[in-house]
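Chemist: This is a predicted model, with the sequence first.
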Amino acid sequence: MAEAQIFHDTEADLSHRAARVSKRVLLYGILIFWTVVCLFPIYWTITTSFKLAPDVMQGNMVPFVDYDPQWRGWRSLGLSPETIGEVSTVRDEFLKRFLNSGISALGSSALAVVLGSMAAYGLSRFRYRFGPMKNPDISFFFLSQLILPPVVLALPFLVLYREMALLDTRIGLILLYTLTVLPIVIWIMQDQFRAIPTELEEAAMVDGLSIWGAFLTIILPIALPGMVAAFILSLVLTWNEYFFAALLTSTNAVTLPVMVASQTGSQGINWWSMAALSTAAILPLIVVGVVLERYIIKGMASGAVK
């Protein structure tokens with residue numbers, strides 16, 4: 001009888017363990033599948049930059065198996081091994097567009113994080129009244145700016161920028177991009193500041209610090225992961241912005257997305273050049289994500305990204 005009971009318990013334990021392993025295998029299988037789906041566009045873009053026209057048209061996917069990689073896409077930008085040391089007008093143009101994108105994205109993201117953090121801190125710690133509007137209404141007003149499609153703002157900004165001589169300037173893009181991502185930063189940072197106990201500021205002010213002193217020395221270091229997460233999200237959005245960059249720039253302040261779109265023409269699409277440009281545009285964001293990964297995880301864990 002005892003042996004039968006032991007056999008039954010062992011069988012039940014094995015069955016339970018098999019079910020747990022099956023669930024884990026299913027979970028990891030789904031995660032691996034989703035990872036492949038997410039990374040496939042990046043893989044396709046990078047490999048296409050090394051293809052010739054027939055390889056692109058035939059849909060060859062695996063390097064050294066379906067096709068032999070060539071430097072045609074990078075050669076068209078003056079970035080291939082044999083052209084990197086030579087004078088190249090196209091490479092100079094690419095570097096100029098790259099610099100425009102970097103200055104516009106970094107400047108607007110940093111400005112949005114600074115202004116958005118202060119606005120979010122005020123809305124999370126103090127009570128305001130602007131006519132019939134209170135804190136929840138003010139917060140919703142900021143967030144509601146995301147409802148407007150960009151095309152609605154095209155004509156007003158075009159006229160305004162022409163009158164203010166901001167057309168085709170980096171400062172014009174920085175100001176516009178700041179307004180674009182500011183609602184997102186405020187929304188993210190409000191959740192971050194609400195998760196920080198007010199007792200920390202009260203204790204700091206009892207020790208003699210002012211509101212600004214408590215904010216700068218106590219709250220900001222704690223909220224830093226959320227600020228980094230908001231900065232990276234803003235950077236991604238502004239770096240990839242195309243509509244306003246194409247509308248408000250023409251020569252001096254043209255950004256990378258506009259240059260990528262210019263690879264289409266009456267002769268068709270230069271897939272290899274577009275893929276090389278896209279790869280060059282993706283790499284900085286990948287580097288930023290890898291370097292600041294621990295801050296992103298901390299920000300997500302503390303409620304900065306939902």
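Modeler: Here it is on my side, so go on. Small disclaimer: the values here were computed from a predicted structure and weren't measured.
Chemist: so the nearest residue to residue 271 once chain neighbours are set aside is in which element?
Modeler: Spatially, and ignoring its direct neighbours in sequence, residue 271 is nearest to residue 56 (4.6 Å; Cβ to Cβ, 6 or more residues apart in numbering). Quick note: C-beta positions are derived from backbone N, CA and C, even for glycine. For residue 56, the host element (DSSP states H and E) is helix 53-58.
Chemist: ok, then the element right after that helix?
Modeler: Moving toward the C-terminus from helix 53-58, the next helix or strand (DSSP H and E) is helix 72-75.
Chemist: Do I have it right that the residue nearest to residue 271 meets residue 48?
Modeler: Yes: Residue 56 sits in contact with residue 48 when judged by Cβ atoms under 8 Å, with a separation of 6.2 Å.
Chemist: Quick check: neighbours shared by those two?
Modeler: By Cβ atoms under 8 Å, 6 or more residues apart in numbering, residue 56 and residue 48 have these common neighbours: 271, 272.
Chemist: what's the helix holding residue 56 packed up against?
Modeler: Applying 3 or more Cβ pairs under 8 Å, 6 or more residues apart in numbering; DSSP states H and E, one finds that helix 53-58 contacts helix 271-291.
Chemist: If we go by neighbour counts, what in the helix it packs on is buried?
Modeler: 271-282, 284, 288 (16 or more other Cβ atoms under 10 Å).
Chemist: shaky segments in the stretch 151-300 of the chain?
Modeler: 265-268, 295-300 (pLDDT under 70).
Chemist: show me where it has strands.
Modeler: 264-265, 268-269 (DSSP state E, counting those that start in this stretch).
Chemist: most centrally placed residue in the chain?
Modeler: Centroid-nearest residue in the chain: residue 236, 2.4 Å away (criterion: Cα atoms, centre = their mean).
Chemist: so where does residue 77 fall, helix or strand?
Modeler: Applying DSSP H and E, one finds residue 77 in no helix or strand.
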